[in-house]
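>>> can you look at this prediction? I've put the sequence above it.
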Amino acid sequence: MPIKYHSQSRVFHLFNNEISYIFKIIDNEQLGQLYYGKHLTDRGDFDHLFEYASRDMAPYSFEDDSTFSLEHIKQEYPAFGCGDMRYPAYEIEQANGSKIVEFGYQSHRIYGGKPKLPGLPATYTERDDEAVTLEVVLHDAYIKMQIVLSYTIYEKFPVICKNTRFICEEDAPSSVTLMRALSGCMDLPDSNYEMLELAGAWSREREIKTRTLECGIQGVYSMRGSSSYQYNPFLALKRPNADEFAGEVIGFSLVYSGSFLAQVEVDNYDVARVTLGIHPDQFKWLLIPGESFQTSEMVMVYSDMGLNKMSQTYHELYRTRLARGYWRDRERPILINNWEATYFDFNEQKLLKLARKASNLGIELFVLDDGWFGKRNDDTSSLGDWYPNEVKLGGSLKQLAERITALGMQFGIWIEPEMVNKDSDLYRSHPDWVLAEVGRHMCHSRNQYVLDFTRAEVREYILQMLEPLLQEVPISYVKWDMNRTISEAYSNGNDRIYQGQVYHKYILGVYELYDRLTTRFPNILFESCASGGARFDPGMLYYAPQTWTSDNTDAVCRLKIQYGTSLVYPLSSIGSHVSASPNHQTSRLAPIETRADAAYFGTFGYEMDLTALCDSDLEKIKAQILFMKRHRKLLQQGTFFRLKSPFDGNETAWMVVAENKQAAIVGYYRVLQPINIGFMRLVLAGLNGEYKYRISGYKYECYGDELMAVGMIISDVSSGVKTKDKTEKGDFISRVFYLEAN
């Protein structure tokens, strides 16, 4: 699995059994992009793929050559100016105001493994032979600065990981300011693609949107200080004929949790330039001589077998080489969260009653949500005061936790360490610790304000409150919430130059606190949350292997939310709960079977008042818990296939297949009852065609090739028409099928 450098043609070829990525040092010593796609046989010379020509009004790099213009050359890491008038990957302002740069090839090195990115999350290797890394050093002698472009290719994944480091050399004549520092660029030779993005809002996160690439700019972004509900730090380009199972797709994912930009620029000659990285607006980073700046990581996935293959690559990579630690490969505990059962209105008696019921049902983890600290009885007070309310809890938090663990369950808590209420001891002592300019009006959201995590003393204060709590109380799970984004990005007590660094330094501060707590308490399962899914991104998965996917727990809404999320993120990262009916967000009435059937395809838990349920529902919950315990390894670590999209019609279907293909679980969901329609079949995927499978609820067995060509007969559940001895009628119907090979 080599990276080869052909010195005579000055070509770099990164390849494994599935993909090739090829670029070269071009005549002006910059890097020109040649190819990214399906594996090509290596050869010493790919110069025929490098195209340039004479075009009217273009600026040319050489006096005696009217063909070589950067405006029409596909590049690896382009700058604005010096001939290229398209949007750049980076921009550097010098002390004299000039933004003209000339970075040319200086050196490169190739080595096994993958280095860590200081202070940033990134994919990793456990052995040096899993991947090979190429570092190419570009140099501008005039300003004495280096740009180090890093590329990693894995042996078993069709993946290229990119990041960039800027180095202002010790003997540089002056400081410089980074105005734009994106993680990477990809210049594709044509624009015959459709762009997929994940867009939404609170409680309808990550809806799949598709648009045809057109001349000009199309992109997604966040300027909120977090990756946001509105857009995810991801886009995919697919050929118009590509679908879930066939066709060419390229995915671009950013391992970052702050403000980001992901865009595609199509020029007037149909070159599609993809750039991804930290959002350049509100970003200015001063580099004095001797300092460096590291960008976040961009992860590119190539598939010639449709969207499912792209997603499966992201799933396995992010589950096994982005998520880390004790919980990475472990099955997740089935939990009960008290939030929708009690909200803020609880005491020790209520909590223990709920815990006893949960324990009797076989639930493994009790999570105490918002309201256990300070004087917190609503959302107007006490954020920042992370000491237990012993009056409300009927004693210490440790005593409550011990009473619950004595029932045979683990104990977890909710925290929101990045936030503060005005009605808190913390705010009264340190009003200048909020991100906002002291003396000016501040916007609130949920009656709370954002702490200035760019400042070490703020992070240290929060750490000193949380660390003893996690040390003294038997806590095995922490839900880390963030219920608002940054509106006034100003750090009090710091100068003008510092303000251009606030958004990025803020998320670096969040990462630092996460790293310190997860390092100090490696066996605690951290779940990230941002009022639901406003910070569901790869950066968070590096510290917290699962994320609360949405505050919307309605099973029908969750079909779209979880389906869209699965475009990039593994099921083991998708926090999914069974909640009450009527649902608290939509007031929808849905069968408890349907609510569980949707939640199985994630981490699984309950978010309801179990003490208010009838005996029939409690018996169903017992059976659901047994099913999940029996199959959660397959559900959380198997290969996931999307079969029917909720964005295309009345039905949703997906399935998970074991690595050895001996078992599979299929989920089928029908939202509304159809009338008098035809017979229906569901075509499956990923099975072994030669295996014969028993299917739960079926009286006959089928070979895998039949199930993948003809499909399962599902007329009873899909149409509601009586077939043989079974009929499924009504709205919001679902079925989960277990397949096992003989």
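Right, received. Where do you want to start? Numbers count the residues shown, from 1 in each chain.
>>> for the rest of this, base every contact and every neighbour count on C-alpha atoms.
Fine.
>>> can you list the weak-confidence ranges in the protein?
Scanning the chain for pLDDT under 70 picks out the ranges 1, 723-726.
>>> how close does the most centrally placed residue in it get to Q585?
Central residue of the chain (Cα atoms, centre = their mean): D537, 2.5 Å from the mean position. Counting by Cα to Cα, to the nearest Å, the separation of D537 from Q585 is 24 Å.
>>> what does K209 give?
Using Cα to Cα, K209 is found at 23 Å from Q585.
>>> equivalent analysis for L31, please.
From L31 across to Q585, the span is 52 Å (Cα to Cα).
>>> ok, the two, which is more surrounded?
L31 (25 against 12; other Cα atoms under 10 Å).
>>> which residues sit in contact with the more buried one?
F23, K24, I25, Q75, E76, Y77, G104, Y105 (Cα atoms under 8 Å, 6 or more residues apart in numbering).
>>> find the nearest non-adjacent residue to it, please.
I25 (4.7 Å; Cα to Cα, 6 or more residues apart in numbering).
>>> circling back to that earlier point, just flag the most distant two among the contacts of L31.
Checked with Cα to Cα, the contacts of L31 reach their widest spread between F23 and G104, with 14.1 Å between them.
>>> secondary structure element holding R330?
Following DSSP states H and E, there is no helix or strand that holds R330.
>>> try S203
Going by DSSP H and E, S203 is not in any helix or strand.
>>> so what's the residue count around the residue nearest to L31?
19.
>>> which phi and psi does it have?
When read as degrees, to the nearest 10, the backbone of I25 gives phi -80, psi 120.
>>> how's the chain carved up into domains?
Domains of the chain are assigned by automatic domain parsing as 3-321, 335-637, 651-741.
>>> mind putting the ones you listed in TSV, distance to W327 included?
Below are these laid out as TSV (distance: least, Cα to Cα, whole Å):
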stretch	distance to W327
domain 3-321	10
domain 335-637	6
domain 651-741	20
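>>> circling back: which ones among the contacts of L31 map onto strands?
Residues of the contacts of L31 located in strands (DSSP state E): F23, K24, I25, G104, Y105.
>>> picking that back up, next up, the contacts around the residue nearest to L31.
Counting by Cα under 8 Å, 6+ apart, I25 makes contact with R10, V11, L31, G32, Y105.
>>> burial check on the last one, number of neighbours?
Applying the criterion other Cα under 10 Å, we find 19 residues in the vicinity of Y105.
>>> for it, which non-adjacent residue is closest in space?
Nearest to Y105 is L138, by Cα to Cα, 6+ apart, at 4.6 Å.
>>> I'd like to know which elements the lengthiest helix in the chain is packed against.
Using DSSP state H, we find that the single longest helix of the chain is helix 615-637. On a contact count with 3 or more Cα pairs under 8 Å, 6 or more residues apart in numbering; DSSP states H and E, helix 615-637 meets helix 348-361, helix 592-599, strand 651-657.
>>> distance to R516 added to the ones you listed, as CSV?
Shown next, in CSV, are these (distance: least, Cα to Cα, whole Å):
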stretch, distance to R516
helix 348-361, 30
helix 592-599, 31
strand 651-657, 35
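>>> among these, which is nearest Y314?
With Cα to Cα as the measure, strand 651-657 is the member of the helices and strands packed on helix 615-637 nearest Y314 (15.2 Å).
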